[in-house]
Structure formats: C-alpha cells, structure tokens
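>>> Mind looking at a prediction? Sequence and model below.
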Amino acid sequence: MEEIREALRDGLREEAAPISRRLAEVKGLSNNSVRRLGNIERLIEGERNARIDDLALLVELLTEGWRSLSLRLDRIEAVLVPPETNVVRLRDSA
C-alpha cells in the first residue's frame, strides 16, 4: 500500500512539474503584457497632452489674429468714415 502511495506521489510530481512551469511562464508573460500596456498608456497620455497644448496655442493664435484684425478695421473705419455722417458701422448694426 505504501508503494502505491509513493508511486502516486511520484506520478503526480512528474505531471504537475510541467504544469507548474507553464503556469509560471504564463504569469511572467502576463506581467510583461501589463508592463507594456502601462508604457503604451503613458506614451498615449503624453501625446494627448502635447496635442492639447498644440490646440491651446492654435486657439490663442487665432484669437490674437482676430483681435489684431478688428483693431486694424477700427483704424481704417475711423479714417474712412467722418464722424458727422449718418453712416452706420457694420458692427453697430449687428
């Protein structure tokens, strides 16, 4: 009876050892995948922040361009339209 138990233990060890190695390998691959996904996530976050900064700069440039254009139009209108006429400025009529 003891020999049977010993044979069963040896058989189980021989069968369980490859499973244990494969399980450890799968765990290592899983950890590697999680680490790589974390790196990708950080890279994407950095790219997203860079694009947000680019968009903010673009909006600021457009806004400043329109302000500058508005000031130039005001100066042109001031020169072209005498103050005593009945001409209604486009901006005043809107």
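Now that the structure is in, tell me what you want to look at. Residues are numbered from 1 along each chain as shown.

>>> mind checking which helix or strand residue 11 is in?
Assigned by DSSP states H and E, residue 11 belongs to helix 2-80.

>>> now that helix: mean pLDDT?
Averaged across helix 2-80, pLDDT comes to 91.

>>> Pull the distance from it to the chain's centre.
Put simply, helix 2-80 sits 8 Å off its chain's centre (CA atoms, centre = their mean, to the nearest Å).

>>> Now do that helix: which elements does it pack against?
Identification of packing neighbours for helix 2-80 by 3 or more CB pairs under 8 Å, 6 or more residues apart in numbering; DSSP states H and E yields no helix or strand. In short, each C-beta sits where N, CA and C put it, glycine included.

>>> what residue of the protein is the furthest out?
In the chain, the greatest distance from the average C-alpha position (CA atoms, centre = their mean) is reached by residue 1, at 65.9 Å.

>>> Please report the distance of it from residue 75.
Relative to residue 75, residue 1 is positioned 109 Å away (CB to CB, to the nearest Å).

>>> again with residue 41
As for residue 41, its distance to residue 75 is 52 Å (criterion: CB to CB).

>>> for residue 19, same thing?
The separation that residue 19 has from residue 75, given CB to CB, amounts to 84 Å.

>>> cool, and residue 20?
Distance from residue 20 to residue 75, by CB to CB: 83 Å.

>>> go on, residue 2?
According to CB to CB, residue 2 stands 108 Å off from residue 75.

>>> Which one's more surrounded, these two?
Neighbours per residue (other CB atoms under 10 Å) separate residue 2 from residue 75, with residue 75 holding more: 10 against 6.

>>> check contacts around the more buried one.
Not one residue lies near residue 75 by CB atoms under 8 Å, 6 or more residues apart in numbering.

>>> Residue 37 too?
Residue 37 neighbours (CB under 8 Å, 6+ apart): none.

>>> Pick out the residue nearest the middle of the chain.
Centroid check for the chain by CA atoms, centre = their mean gives residue 48 as the closest residue, at 3.1 Å.

>>> can you tell me how far it sits from residue 5?
Residue 48 is 62 Å from residue 5, by CB to CB.

>>> same check, this time on residue 53
70 Å.

>>> same check, this time on residue 29
To residue 5, residue 29 is 36 Å away according to CB to CB.
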